[in-house]
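J.: Quick one, what's the 3D model for this:
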Amino acid sequence: MERRTALKIVALSALTKNLGTAQAAAMEHCAMPASTAWSASQDTYKLQFFTEAENALLDQLTEMIIPADGHSPGAHAARVSLFADLMVATGDEPAKSRWRKGLARMQEEAKKSSLSDALAQAARLSETTPSSAMGRFFVALKQMTVNGYYTSEIGIHQEMGYIGNTYLSEFPGCDHPEHQ
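T.: Predicted structure coming up:
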């Protein structure tokens, strides 16, 4: 293994808290060459764990957590559901089971009212009853969404405005009026 690859795996491990080095290595393996971000093309990526229906549900849920706005595209455009598929596929069997059951529970709750209501209920449970299965699933879903989004090209470059390791002869400072 090359030194640069090992460093990327270590860095990605820090970004993907609680997901493990093996999953970060899998993420590195699928990342575009010389890229600092997760990238997947809908045309070339093949689902490794989730079914098409589960992926569609996960895509809707992640977009509700990080929706597109005037500043940058959301989780759907960043293909966060594909990131989640890769991460869960490289996980252990208990994690796979939790994700499959969590999505099934979310689908069942959505049938009672709507998907957004089911997600809101899961969010409330994560705060009031974090030991419930739905509360724990929401925490995992939110964490996966954030990790997938902010390690994607969209999250890093468009949302956060990261331009890479560039030399600045002086720090330009913040130009937000409320910070002046």
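J.: Quick one: mean pLDDT over the helix or strand containing Ala118.
T.: Taking DSSP states H and E as the definition, Ala118 sits inside helix 115-128. The pLDDT scores in helix 115-128 average 90.
J.: buried set for stretch 92-102?
T.: Ala95, Arg98, Trp99, Gly102 (16 or more other Cβ atoms under 10 Å). Where C-beta positions appear, they are placed from N, C-alpha and C, glycine not excepted.
J.: residue ranges with poor pLDDT in the chain?
T.: Applying pLDDT under 70 to the chain picks out residues 1-43.
J.: Now the residue nearest the centre of it: phi and psi?
T.: Against the mean C-alpha coordinate of the chain, by Cα atoms, centre = their mean, the closest residue is Gly148 at 2.4 Å. Phi and psi for Gly148, reported as degrees, to the nearest 10, are phi -70, psi -40.
J.: Need the three-state assignment for Met106.
T.: Here Met106 is recorded as helix under DSSP: H, G, I helix; E, B strand; the rest coil.
J.: Count the neighbours of it for me.
T.: 22 (other Cβ atoms under 10 Å).
J.: just Glu159 next, same as before
T.: Glu159 has 18 nearby residues by other Cβ under 10 Å.
J.: picking that back up, would you turn the buried residues of stretch 92-102 into TSV with distance to Ala133?
T.: As requested, the buried residues of stretch 92-102 are exported to TSV (distance: Cβ to Cβ, whole Å):
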residue	distance to Ala133
Ala95	14
Arg98	8
Trp99	12
Gly102	7
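J.: now, among these, which is nearest to Phe50?
T.: Comparing the buried residues of stretch 92-102 against Phe50 with Cβ to Cβ places Trp99 closest, at 7.9 Å.
J.: Okay, and that closest one sits in which element?
T.: Using DSSP H and E, Trp99 falls within helix 93-112.
J.: Can you spell out which helices and strands pack onto that helix?
T.: helix 52-65, helix 80-89, helix 115-128, helix 133-150 (3 or more Cβ pairs under 8 Å, 6 or more residues apart in numbering; DSSP states H and E).
J.: Identify, out of those, the most deeply packed stretch.
T.: Using mean count of other Cβ atoms under 10 Å, the stretch among the helices and strands packed on helix 93-112 with the greatest mean number of neighbours is helix 80-89 (a mean of 24).
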